[in-house]
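[1] Quick one: sequence plus predicted model below, questions after.
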Amino acid sequence: MTSQILLIFIAFSVFVVCSSRTLGPAPDNQQMKCYLVNVDFALYHGDCKQYQQLLKKVVHGRSAKDALVYCYKEVMSGFAAKLTAAEAEKLKGEKGISAIDVDHIFSMDVEPHSHGKGY
């Protein structure tokens, strides 16, 4: 139960962070998406500066600082970043990367109440 609550919290927080930033086309006209990147804490220690250094290896035509969306320090070891599919694939090969997953935005369709007030 606790892990499900944490997963929902992570998904919601990434949704809020990613939806507040524009994910336009990358410099090479590839579509960017928000990715969740899990890292080995023993290598990166939750250090956002190290995450930026890691992103510098794979991000081209823009700054690594702009690609970094959020650093996770409490719930998981890793970060969220705006990347193209090619950049995400290249990042998978870097030392200490446990997993990279596209952030999926889920919505809850809510039917309006019958009393016509819309809430």
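    Done, it's in. Numbering: from 1, shown residues only.
[2] drop to CA atoms for contacts and neighbour counts, all remaining ones
    Noted.
[3] which residues in this protein form strands?
    Assigned strands in the chain, in chain order: 32-39, 68-72, 78-84, 97-102 (criterion: DSSP state E).
[4] Now do the shortest one: which elements does it pack against?
    Meaning strand 68-72. Judged by 3 or more C-alpha pairs under 8 Å, 6 or more residues apart in numbering; DSSP states H and E, strand 68-72 is in contact with helix 2-19, helix 48-56, strand 78-84.
[5] Apply 6 Å and report the result again.
    In terms of contacts (3 or more C-alpha pairs under 6 Å, 6 or more residues apart in numbering; DSSP states H and E), strand 68-72 is packed against strand 78-84.
[6] same thing with the last one?
    For strand 97-102, the elements it packs on are strand 32-39, judged by 3+ C-alpha pairs under 6 Å, 6+ apart.
[7] Pairing partners for the strand it packs on, with directions?
    Its sheet considered, strand 32-39 pairs with strand 78-84 (antiparallel), strand 97-102 (antiparallel) by DSSP bridges.
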